[in-house]
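> Could you look at this predicted model? Sequence included:
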Amino acid sequence: MKILVIGGAGYIGSHVVCDLLDQGHEITVFDNLSSGQRINLFPAASFIHGSILDYPAILDACREKEAVVHLAAFKAAGESMLKPEKYSVNNISGTINILNAMTECAVKYMVFSSSAAVYGSPKYLPIDEDHPCNPENYYGFTKLEIERIMDWYSKLKGICFAALRYFNAAGYDVRGRVKGLEMNPANLIPIVMETACGMRKEMEIYGDDYDTPDGSCIRDYIHINDLSTAHRAALLYLTKNNKNIKINLGSEVGLSVKEIIEVARRISGKEIPAKVSARRPGDPASLTSSAKLAKELLGWKTEYSDPENLIGSTWELYKRSLN
């Protein structure tokens, strides 16, 4: 297929592009390089440097394409609460531009990078797709609003979509093909790695008095290679079934902050100084997914989302910065 991957030079996008190229698809990457990097571009894929806020540019990129994978969004939950206008314009207005361009160019299929942030605080665990959607940050709201907009474009314009609700993406390509470290990371594992490399003097553990076995927060981490495989499987599902899907992508296994740090210490051989700080407002003790629907509909399963691969593949890339 001829596929446009928007945000294909970013952390998740570059892995998705790599996976789709492996399957023989003809890929065009569209990215403004605000967080994506040229080092993450593959020679086998075409590249367009452009913004989803530039409608003529995204319209031209959509021409003669059969599907779109949309991964272009601002994603810092904390920042979204301070700058909702930034997230409104890029995430929501930008996606409307994409949908309008797809409509004009008769592109039928979209795989959309959604988020478990659409659910908000868990009412029960594990979180499945029937869980109430009540986002607690503006970032999560934009993802949920985009899903609702896509519902309408599907009804009115015939666009068929898969909304993939990620839990915590982590790790790097186990074959080492993606070279660029994520820029300005805010997630736990990159922060642990930066501390191991000496880029940070120490890291913080936000609260160690939660109702969990070791007192630190538990999260569901999915390896980036498993995540990229799900995008390919979702695209295949859309083309075969012509049905919209909204599904969770997670490992269904919880790992605590302290567990992550201990595995990283063992694998890296570094001390990784960590101090306990106060809890952050709104942090639930535990978040884990049910990925049953993804398994049933996509025939998908995780292969690399164990602690050894999550940490090991990340450390392989970070330790190069020590040389």
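On my side now, so go ahead.

> Cys217 versus the nearest residue to Lys179 once chain neighbours are set aside, what's the distance?
Nearest non-adjacent residue to Lys179, counting by CB to CB, 6 or more residues apart in numbering: Ile39, 4.9 Å away. In this view, the C-beta of every residue, glycine as well, is placed from N, C-alpha and C. Counting by CB to CB, to the nearest Å, the separation of Ile39 from Cys217 is 32 Å.

> Mind checking which of these two has more residues around it?
Cys217 (24 against 11; other CB atoms under 10 Å).

> Settle this for me: the more buried one is touching Gly282, isn't it.
No. Between Cys217 and Gly282 there is no contact under CB atoms under 8 Å: 11.3 Å.

> residues near Asp173, how many?
20.

> ok, it touching Asp226?
No. Using CB under 8 Å, Asp173 is not in contact with Asp226, being 11.4 Å away.

> Now do the SS call for Glu204.
On the three-state scheme (DSSP: H, G, I helix; E, B strand; the rest coil), Glu204 is labelled strand.

> just use 647 as the starting number from now, easier for me
Sure, I'll start counting at 647 from here, so that last one is Glu850.

> which residues does it bridge with?
Beta-bridge partners for Glu850, by DSSP bridges, are Lys921.

> so what's it scoring on pLDDT?
We have a pLDDT of 96 for Glu850.

> list the contacts for it?
For Glu850, the contacting residues are Ala920, Lys921, Val922, Ser923, by CB atoms under 8 Å, 6 or more residues apart in numbering.

> got those residues as a markdown table, with pLDDT columns?
Listed next are the contacts of Glu850 as a markdown table, based on pLDDT from 0 to 100:
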| residue | pLDDT |
| --- | --- |
| Ala920 | 98 |
| Lys921 | 97 |
| Val922 | 97 |
| Ser923 | 96 |
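
> Which members of these are the farthest-apart pair?
Ala920 and Ser923 (9.7 Å; CB to CB).

> more neighbours, these two?
Using other CB under 10 Å, the more surrounded residue of Ala920 and Ser923 is Ala920, with 19 against 12.

> ok so, going back, can you tell me which of the contacts of Glu850 is nearest Ile792?
Nearest to Ile792 among the contacts of Glu850, counting by CB to CB, is Ser923 at 33.3 Å.

> Now do the closest one against Gly861, distance only.
For Ser923, the distance to Gly861 - CB to CB - is 13 Å.

> Find the residues that touch each one of those two.
By CB under 8 Å, 6+ apart, the residues touching both Ser923 and Gly861 are Gly853.

> Okay, domains of this structure per the record?
The chain breaks down into these domains under automatic domain parsing: 648-816+867-895, 834-866+898-968.

> ok now the last one, how far from the chain's centre?
What separates the centre of domain 834-866+898-968 from the centre of its chain is 15 Å, taken as CA atoms, centre = their mean, to the nearest Å.

> the longest helix in the protein is where?
Selection of the longest helix in the chain by residue count, based on DSSP state H, yields helix 784-803.

> Can you show me the strands along the protein?
648-652, 672-677, 692-695, 713-716, 755-761, 806-812, 814-816, 849-852, 864-869, 891-895, 900-902, 920-923 (DSSP state E).

> Using CSV, list the CA coordinates for stretch 728-745.
In CSV, the C-alpha atoms belonging to stretch 728-745 read as follows (Å, rounded to 0.1, in the frame of the first residue of the first chain):
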residue,chain,number,x,y,z
LEU,A,728,-0.8,25.2,31.0
LYS,A,729,-1.1,25.7,27.2
PRO,A,730,-4.4,24.3,26.1
GLU,A,731,-4.4,26.7,23.1
LYS,A,732,-1.2,25.0,21.8
TYR,A,733,-2.8,21.6,22.1
SER,A,734,-6.1,22.7,20.6
VAL,A,735,-4.5,24.1,17.5
ASN,A,736,-2.0,21.3,16.8
ASN,A,737,-3.8,18.2,18.0
ILE,A,738,-7.4,19.0,17.1
SER,A,739,-7.2,21.6,14.3
GLY,A,740,-4.3,19.7,12.8
THR,A,741,-6.2,16.5,12.7
ILE,A,742,-9.2,18.2,11.1
ASN,A,743,-6.8,19.3,8.4
ILE,A,744,-5.7,15.7,7.9
LEU,A,745,-9.3,14.4,7.8
